[in-house]
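1. Turn this into a model:
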Amino acid sequence: MKLGRIRTVSVNGRGQIVIPGDIRKDLGIGKQTTLVLIERGGELVLKRESDVLAVLDEEKFWKALSHEAMKNAWSKEDSVWDDIARKEGIS
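-> Numbering: from 1, shown residues only. Now for the predicted structure:
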């Protein structure tokens, strides 16, 4: 792994950081650039959205996203049904 520049940045009260200007310039990160923040093994990695999309297996991505969305929807629905059952004295 080639080590590039190292900079320190501070996180403000809203959780924002500033990417130093020289790095933004060299990497072509401008106002309209969308970055993806990835948490991996206790580290934070920033990548351009376009770079992530270029290597993404779209079918696999949508299946995984749908699976997670359904898990969340069902778990919320279960709690709604549990609340109804409690109120009606069913459980």
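2. switch to C-alpha atoms for all contacts and neighbour counts from now on
-> Fine.
3. tell me which element Ile37 is part of?
-> Ile isn't right for residue 37; it's Leu. For Leu37, the element it lies in under DSSP states H and E is strand 35-40.
4. looking at it, Gly37 is touching Val52, isn't it?
-> Wrong residue type there; residue 37 is Leu, not Gly. No - assessed by C-alpha atoms under 8 Å, Leu37 is found out of contact with Val52, at 10.4 Å.
5. Give me the contacts around the strand holding Leu37.
-> With contact meaning C-alpha atoms under 8 Å, 6 or more residues apart in numbering, strand 35-40 is reached by 44-49, 52.
6. Now secondary structure and neighbour count too, for those residues, in TSV please.
-> What follows is the contacts of strand 35-40, written out as TSV (DSSP: H, G, I helix; E, B strand; the rest coil; neighbours: other C-alpha atoms under 10 Å):
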residue	secondary structure	neighbour count
Leu44	strand	9
Val45	strand	11
Leu46	strand	10
Lys47	strand	12
Arg48	strand	15
Glu49	helix	13
Val52	helix	12
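7. Closest one of these to Gly28?
-> Set against Gly28, the nearest of the contacts of strand 35-40 by C-alpha to C-alpha is Arg48 (10.0 Å).
8. burial measure for Ser50, as a count.
-> 13 (other C-alpha atoms under 10 Å).
9. Which elements pack onto the helix or strand encompassing it?
-> Assessed by DSSP H and E, Ser50 sits inside helix 49-55. Applying 3 or more C-alpha pairs under 8 Å, 6 or more residues apart in numbering; DSSP states H and E, one finds that helix 49-55 makes contact with strand 35-40.
10. Alpha carbons of the strand it packs on, as PDB, please.
-> Only the C-alpha atoms of strand 35-40 are listed here, as PDB (Å, rounded to 0.1, in the frame of the first residue of the first chain):
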ATOM      1  CA  LEU A  35     -18.100  11.100  -1.700                       C
ATOM      2  CA  VAL A  36     -19.000   7.800  -0.100                       C
ATOM      3  CA  LEU A  37     -17.900   7.200   3.500                       C
ATOM      4  CA  ILE A  38     -17.100   3.600   4.300                       C
ATOM      5  CA  GLU A  39     -16.400   2.200   7.800                       C
ATOM      6  CA  ARG A  40     -14.100  -0.800   7.400                       C
END
